[in-house]
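Asker: Requesting a structural model of the entry that follows:
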Amino acid sequence: MATINFTDFEGQTRTVDATVGDSVMETAVRNGVTGIVGECGGSLSCATCHVFVAPEDFESLDPMGEMEDEMLYGTAVDREENSRLSCQIKMCEGQTLNVATPETQV
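Answerer: As a prediction, this is how the structure comes out:
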């Protein structure tokens, strides 16, 4: 099992259990987490699953691919150094991940 702590723009945190191998976006959508749209369903063709990964968790993630890097320039809220598309972050066994959602995705 894995765990994701989602913090919304207003500072409210919701903890959700995640299935190992599922993406952060899939977990958020399945659990009705506010702030993650996932309009393209995880096919890396939109940027509506933008998140800010907590600095202490960022380095533990797989490196960002070129396509994800390009898509992050199309987010509704400007990207930051710790920006990722949550559809590209797969959860690992025992992992706890802390992410914050931007004010808007569209």
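
Asker: which residue ranges form the helices in this structure?
Answerer: 24-30, 55-58, 66-71 (DSSP state H).

Asker: Got the confidence number for the residue nearest in space to the middle of the chain?
Answerer: With distances taken as CA atoms, centre = their mean, Ser86 lies nearest the centre of the chain, 2.7 Å away. As predicted, Ser86 sits at a pLDDT of 98.

Asker: One more: Val106?
Answerer: For Val106, the model assigns a pLDDT of 89.

Asker: possible to save the helices of the chain as CSV with mean neighbour count and mean pLDDT?
Answerer: To be clear about C-beta, it is placed using only N, CA and C from the backbone, and glycine gets the same treatment. Output for the helices of the chain, formatted as CSV (neighbours: other CB atoms under 10 Å; pLDDT from 0 to 100):
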stretch, mean neighbour count, mean pLDDT
helix 24-30, 22, 98
helix 55-58, 12, 97
helix 66-71, 14, 97
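
Asker: Tabulate those (CSV), appending distance to Met91.
Answerer: Putting those into CSV (distance: least, CB to CB, whole Å) gives the following:
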stretch, distance to Met91
helix 24-30, 7
helix 55-58, 12
helix 66-71, 16
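
Asker: Out of those, which gets nearest to Asn5?
Answerer: Closest to Asn5 of the helices of the chain is helix 55-58 (CB to CB; 9.5 Å).

Asker: by contact count, what packs against the closest one?
Answerer: The helices and strands touching helix 55-58, judged by 3 or more CB pairs under 8 Å, 6 or more residues apart in numbering; DSSP states H and E, are strand 96-100.
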